[in-house]
Structure formats: structure tokens, C-alpha cells
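> Requesting a structural model of the entry that follows:
(2 chains)
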Amino acid sequence: MAFTFVEIEEHRTRNVLVLFVLLGVLYFLSIVALVWGSRLILGIPLRPSPGAYGSMLLVALLAACVHWLFSTHDLIGRVVGAVMAKPLEPGDTYHQRLKNIVEEVGVATGGRYRIEPYIMPTAALNACAVSDFNNRAAIIVTEGLLARSSRAQLEGVVGHEAAHIASGDSLARSIFCGLFGLHEEALKRLSGLFKGRAGTDMLRGRGGALVLFVMVVLWVTTTAKRLCELCLSREQEYRADAVAVRLTRNPLALAEALHLIDGHWRGVGAQGESLATLFIVDVGGDRLADTSGLVADWFSTHPPTHRRIEALLGMTSVSPKNFAELMAQHHQRPRTPVPEPAQTESPARWLAWGGEEWQGPFDLDALLALPSFTPSSWVRREGRVGAQPAYQDPPLLEALQRRYGQDGPVTPLPATACPRCHVTLTRTRYEGVPLDTCPACRGCYAMPDQVTRVLAREEFAFPERIRRLAALLPTDPRTRQRLVKTYGQYPWARMKSRQCPTCRSAVVRKFFTNAYLVEVEQCWMCGLTWFDPDELELLQYLYEQAKARGASAFLEPG
Amino acid sequence: MGIVGFVLLILVVALVLWFFGAYNGLVQMRQQVENAWSQIDVQLKRRHDLIPNLVEAVKGYLSHERQTLENVIKARQQAVDATNIKDKMQAENFLTQTLRSLFAVSERYPDLKANHNVMALQEELTSTENRISFARQFYNEQTMRLNTTVESVPTNVVAGMTGFNKAEFFEVDDAAHRQAPPVKF
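As a prediction, the model looks like this:
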């Protein structure tokens, strides 16, 4: 068995041609069946001749070529689109780690493959690889797996996927999915339209040919999928595990990663089942995957995960009992407290720009009493170098707001200003996600996919005030229902006067999701959300509480 | 020309073709070994560039660990100055050990973990260590292929006639790195 990437490259299997032959044979059989069937129905005698079969073979080959070209065009892009994967966000620490690991594995393969990392914005735990004929490949990891696994565990998973890419398994499986898996779901939905009376009417009318065509393609697709699944060996998964171990020299980390994935939700959306062969652990739709025996060996693409873990543990000095204890510790690992924002000094005095020179220093009352002082006046704190407009200094802004009240002058906001304090936002990281945060009030802007990432990650512990806030929320279902009905049903009735800083569309005040009653201000079009201080942490806390209770309502914003 | 002459001619042509094939194979393998070595060089350069930034970022926190920091700087300089492969291997292995001791020491300073820049640099350095390790694995695999061909019969004849020598493995001094888990499936 080949264990290194050089050995794998030498023994690389090229069984892609088999897929084309299978496709051609299936089209030929279905065309023969169609011709014979229609002749029988119409009462035309059957006169099989070599010429007729030759024509049918040509048509079948043509259909197979069209199917092949259509299905293998932009394979990576189509699979990435089907699982709604996204490119990594620069600046996100978790994404940077994945990027690094994928590049490391690229080095191990000698730079033969251009492997691109992608992320699936879901809390589920799984990973897959897809590749095409041009030595391009993509490794797709779910946000949940990225958040919950350590670096060593992620290295094991990426190493496993890279082994599939190098051995050619990934190419065969990607083509297999491109030919059959990606169309299966759409064809099933289309064939559903032909059921019942409408379908019968269509069969009698002009749409009969279309119905028959769709049925033939569906039959070819599903039959070929079943046949190909028979050919996919469970050995491939064991071999990829072995290559990952050889690469990372850490069988325990890969065993831990498999245990993590197996113990969590692994579903990856509507297309997940039809692309199941691409994933490291079965997405959950195949009952045979967890069983052993001849039938399971033949019809399931993934071996039982516990067998894979046993095989990996066999390479370590850790017994299964100790492994269970280790994993229990992993689940209960302590979370770091949220770093408190650096306390800004409260300056007693400011200098004000008088047009030609700095005046002062003044204390707050004296500064506000200056006749020339406006929110746009340039000020600087005593003992500091940087100057700024008065509205950007939080204590001054607060005093100005008190002075002008609701009828005060409206200062035009820069695009990256806090909608509450008018202070320029700064880039901070929470749970590794870069967020535009107000340095004064700690509120922040977040896009829906950034919220998903924050919810999936469990790096920081919640302070006591978040628990107290959560306890204040209504738990009675009737009250919650009434609140949702009152405030959640017509959010456009609660439109704010300000515009979204990104797309200039309207901003509405609404519950981020009706499952957790956290009220936010969200852009109607792009979904950019303003979270007041503690609101994002509160949402994350409520989400984790719901998950701990086993609630099935997974939050998938956007 | 009789049939014997014809057969002899075919044999000679086949032998010449095989000789060319074997020679081209050896050239290809030597190129792959050189390419693999250049990959290691790229990653080592990356590590040398990262270390001064890391030392600059952590020295404010590790004022009591001056000796450790000085060792890292010294080891880096030795690695940069090394000219031949053997010296380079020794210097790089020493640098790896000093970096490992720096990481071990930094575990004792929780303030370091709260610094995003230090953590980002540490992630980059960890990644570079892995890249070096993987590049070394790849280089050694290519070297093994070349050495096996150079020593095997009959390609050893071609190698001997055309001046192909065995390439040097990139070996690791550290016992912990040597210990690979037995892969059984």
C-alpha cells in the first residue's frame, strides 16, 4: 500500500475512463429499451439490424459525451456552489489557520496540486475534497469543524483529504458526483411534477417526449450512481487515514477528529446526500455506513467510523478507554475569559484649536462654555499628540448629546462610524472574527456569515452579566409568541431613519432570529447587523444553551 | 545482412533506446531532488524572515528570558551563514531546538496569549515548521527514489557511466522527530 505522496503519485489509478464507458452503456441500454418499448406499444414489428444498433450506439455515445462535457465543466465551482461554500476571509484567525494547513499539505505533495481552501458556513462538522482534470483541487471544511477542532486535528483531516486528491480518488469521486450526484436532486424534483393528474395529462399531450426524456436521464443517473457506489471501495478511506498519519505523524489527532465529527451533526444541506462520497465521514443519510458485513462493504462508501478510530488507536499507546476519557476532557476544555477592553484614561483637560494655535487646557465645563466650541471643533487631550473632532471623543460627545438633546445638530456620519456614539469604528477580533467595533460603547457591525462563525466558535467564556441578561428574557412560550407576532412579523414597520453604511439601503429594528429574542438593527438588503454592546454575546449564549438542551433549531443566518 | 545481423541490430537499437530512457529517467529524478531541495530552501528562508519579527514582538514580555532569546538569534544567524548542506542541516536542527524552547518558555506568560500579533506570528512559525518538515519528507522521498535507481541493477551501470551520484538525505538529529508511528492498516 502506498503511504507517501510520491508513492501515491506512482500508483495513481486512472479509472475515470470506466465512468465514461458506464455512462455510454447505460445510455445505450435506455435507448434500446425506449425504441423496443415504443415499437411494442405501437404494434410495429421488431426487426433488429446491425445498422439500427449502430445508430443507437452513436446516439448513446453522443448523449454520453454531452452529459460528460456538461457535467465535468467547472467541476470545482459547481460542487463549491452546491454546498454553498465560500472563500476564506482574510484576517479571520481560524480561517488563516486553515489556509496555512492547506498550504502545508500542498508542500507535502511537492506543489503538484493547486489546492484552494473553502469554508462551509454551517455549524455541522464535516470536510470534503474535490478536484478536476487540471490538477486543481479544493478542500472544503465546515465552520463547525474549524471551530471545534485543534490545529493537530485539523491537520489530520486536511491530510486525509489531500491523500484522496493525490491518489486520484477525489477526481473519480468528483466526476462521479458531477455526472450523477449534482443532477439527481434537480431531476427528482422535476420528476415530482409529472406525478398525479398533471403528469398523466402531460404524457398524453405534447410534453410526453419531455417526460420520457427526463425519466430516462433520471434512470441513467440513479442506476449509474448505485453501480459506481459499488465500485467505490471502503479501503480508500482507510488508505487516506494512513497517508494522513504518515504525513502528520499524529494518529491520535486524526482519531480525535473522527470522533468529534461522528458525535456531532454532519449534515451539509439538501445536496449533502448526493455528494456524500466526497466527505470524510458519511453525512448521515446512509444507515449502512455504521454497520459492518458484506452488504455494508458493497453498498456503503464509508467504513464504520469506530473501526477507523480503532485502527488509528492501534498506532498509538492510547487504549479505547483512555481515548474516551481524553475526548471527555476535550469537550470540557476551559474557555478563556473575554479580554476586557483597555480602560481609557479619563482626561481632565483638553486643548482646543483656536484657528492659529492650541488654546487651553480646559476642563470639560470650560471647554463646553467656549463660544466657538462646536461638535466639529478640533480638540486634543492634554499630554497626547493626536487631535480629533470633538464628536469623536466619547466623553465630549456624551456631554454634547446632553447639551443638544434630540434637537441638536446632526453631524454627517462617516461610513465607519458607530451609529450610537458617532465614534470611528476600529477593527477588533471576537472569536477570531474581525469585526468593526466601537471603541466607546463596544457595539459592533457583523455580516450574517460572520455571526454564523461567532456562533460556531467556543473560545471565550461568558461573563456573569450575559447570564443575567439571558435570564431576563421571557421563557413562557405564549409571551414569546406574542412578542414575535408584535415585533417580528412586520419589521419594515420599525424602519430606522439611518441607512446601511455598506449598501445605503434601509435599516430595520428586528429580532435577529425569532428563535432567540435578541433585537438588532439590520440592513434590509445586505443583512449587515448592528449589535449593541453584549447583544452578540447574548445571542451566542442563547444559541449554546439551546444546543445544550438538544434543541433542533440550528441557527443558519443568511 | 543475414537474420542474425538483423536481430543484432534490433538488440543494439533496443539497448541504445533503453540507455537513453534510463539516462533521461535519472536526469528527471535528479531534477526532482533539486526541486525538492529548493522547496526546503524557500521554507527555511521564510522561517529566517519570521524569527526577527517574533523576537521583537515577544521581547517586551520575556524580559527575564534574555538567554533564550539570544540563543534563538544566534541559532538563526548560524543557519543563515551556513553554506554547505551538512552545516545547514546542523544549524537548522539547532534552530528548531531553540525555537521549541522559546515556545515552551512562552507558555509561562499568559499575557503573550492575549496578544494577537504574537499569536499570529506563532501560528505562522508553527506553519513554517510544518512546511519545512513536509518539504523535508518530500525531499527524502525523492532522494530515496534517485538513490535506489542509482544503486539498482542495471541502471547502476548507466549511472556509473554518466556520473550520477547518490543524493544526501536531510536527516534529523532530534529523537522526537525521528520517531514515526508505525502505520498499520
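> Which of the helices or strands spans the residue most central in space within chain B?
Within chain B, one residue has its C-alpha closest to the average C-alpha position: by CA atoms, centre = their mean, that is residue B:136, at 3.1 Å. Here residue B:136 sits within helix B:116-151, counting by DSSP states H and E.
> Output the contacting helices and strands for the helix or strand following that helix.
Heading C-terminal from helix B:116-151, the first helix or strand you meet, by DSSP H and E, is helix B:155-162. Judged by 3 or more CB pairs under 8 Å, 6 or more residues apart in numbering or on different chains; DSSP states H and E, helix B:155-162 is in contact with helix B:3-58, helix B:116-151. Just so you know, the C-beta spots here come from the backbone N, C-alpha and C atoms, and that holds for glycine as well.
> now helix B:155-162 and helix B:116-151, what's the angle there?
100 degrees (axes from the mean of the first three to the mean of the last three CA atoms, to 10 degrees).
> Which residue ranges make up the domains of chain A?
Per the record, chain A has its domains at A:75-176+A:232-331, A:349-403, A:426-548, by automatic domain parsing.
> okay if I get those as a markdown table plus mean neighbour count and distance to chain B?
Shown next, in a markdown table, are the domains of chain A (neighbours: other CB atoms under 10 Å in any protein chain shown; distance: least, CB to the nearest CB, whole Å):
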| stretch | mean neighbour count | distance to chain B |
| --- | --- | --- |
| domain A:75-176+A:232-331 | 21 | 4 |
| domain A:349-403 | 15 | 21 |
| domain A:426-548 | 17 | 6 |
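> Could I get the pLDDT score of residue A:97?
For residue A:97, the model assigns a pLDDT of 92.
> Surely it touches residue B:123?
Yes: using CB atoms under 8 Å, residue A:97 makes contact with residue B:123 at a distance of 6.1 Å.
> what do those two both touch?
Between them, residue A:97 and residue B:123 share no contacting residue under CB atoms under 8 Å, 6 or more residues apart in numbering or on different chains.
> all strands for the stretch 201-350 of chain A, in order.
Under the criterion DSSP state E, counting those that start in this stretch, the stretch 201-350 of chain A contains strands at A:336-337, A:349-353.
> Least confident of the domains of chain A, on average?
Minimum mean pLDDT among those: domain A:349-403, a mean of 74.
> dump the residue contacts of residue B:74.
residue B:98.
> 10 Å instead, please
B:94-95, B:98 (CB atoms under 10 Å, 6 or more residues apart in numbering or on different chains).
> what separates whatever helix or strand it lives in from the chain centre, distance-wise?
For residue B:74, the element it lies in under DSSP H and E is helix B:66-81. From the chain centre to the centre of helix B:66-81 is a distance of 20 Å (CA atoms, centre = their mean, to the nearest Å).
> Next: stretch A:388-401.
40 Å.
> hang on, the earlier thing: state the mean pLDDT of the helix holding residue B:74.
88.
> tell me the angle it makes with helix B:3-58.
If you take the same axes, to 10 degrees, helix B:66-81 sits at 150 degrees to helix B:3-58.
> Quick check: buried residues in helix B:66-81?
Within helix B:66-81, the residues that count as buried by 16 or more other CB atoms under 10 Å in any protein chain shown are B:68-69, B:71-72, B:75-76, B:78-79.
> Show me which of the residues you listed is closest to chain A.
Using CB to the nearest CB, residue B:79 comes nearest to chain A of the buried residues of helix B:66-81, at 18.8 Å.
> is it true that that closest one touches residue B:97?
No: applying CB atoms under 10 Å as the test, residue B:79 and residue B:97 come out as separate, 11.7 Å apart.
> could you list every residue that touches the spatially closest residue to residue A:323 that is not a sequence neighbour?
Nearest non-adjacent residue to residue A:323, counting by CB to CB, 6 or more residues apart in numbering or on different chains: residue A:313, 5.9 Å away. Applying CB under 10 Å, 6+ apart, we find residue A:313 in contact with A:251-252, A:255, A:259, A:319-320, A:322-323.
> And residue A:535, by the same measure?
Here residue A:535 is in contact with A:443-444, A:466, A:469, A:512, A:518-521, A:529 (CB under 10 Å, 6+ apart).
> and if we set it to 6 Å?
Listed by CB atoms under 6 Å, 6 or more residues apart in numbering or on different chains, the contact set of residue A:535 reads residue A:518.
> same check, this time on residue B:54
residue B:121.
> per-residue pLDDT, it?
For residue B:54, the predicted pLDDT is 82.
> Out of the helices and strands packed on helix B:155-162, which is closest to residue A:131?
For residue A:131, the closest of the helices and strands packed on helix B:155-162 is helix B:116-151, at 19.1 Å, according to CB to CB.
> Next, the buried residues of the closest one.
Buried, per 16+ other CB under 10 Å, within helix B:116-151: B:118, B:121-122, B:124-143, B:145-147, B:149-150.
> among the residues you listed, which are within reach of chain A?
B:127, B:130-131, B:134-135, B:138, B:141 (CB under 6 Å from any CB of the partner chain).
> Could you identify the most distant pair in those?
B:127 and B:141 (21.1 Å).
> Mind listing residues that contact stretch B:146-155?
B:22, B:29, B:33, B:159, B:164, B:166-167.
> run the last query once more with 10 Å
B:18-19, B:21-23, B:25-26, B:28-33, B:36, B:156, B:158-160, B:164-169.
> Going by neighbour count, which of those are buried?
Among those, the ones that count as buried (16+ other CB under 10 Å) are B:19, B:22-23, B:26, B:29-30, B:32-33, B:36, B:158-159, B:164, B:167-168.
> Contact partners for the spatially closest residue to residue B:150 that is not a sequence neighbour?
Using CB to CB, 6+ apart and skipping residues adjacent in sequence, the residue nearest residue B:150 is residue B:159, 4.4 Å away. Taking CB under 10 Å, 6+ apart, we find residue B:159 in contact with B:22-23, B:26, B:146-147, B:149-152, B:165-166.
> Could I get those in JSON lines, plus columns for pLDDT?
Output for the contacts of residue B:159, formatted as JSON lines (pLDDT from 0 to 100):
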{"residue": "B:22", "pLDDT": "93"}
{"residue": "B:23", "pLDDT": "94"}
{"residue": "B:26", "pLDDT": "94"}
{"residue": "B:146", "pLDDT": "93"}
{"residue": "B:147", "pLDDT": "93"}
{"residue": "B:149", "pLDDT": "92"}
{"residue": "B:150", "pLDDT": "92"}
{"residue": "B:151", "pLDDT": "92"}
{"residue": "B:152", "pLDDT": "90"}
{"residue": "B:165", "pLDDT": "88"}
{"residue": "B:166", "pLDDT": "88"}
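> Looking at these, which one is closest to chain A?
residue B:146 (11.1 Å).
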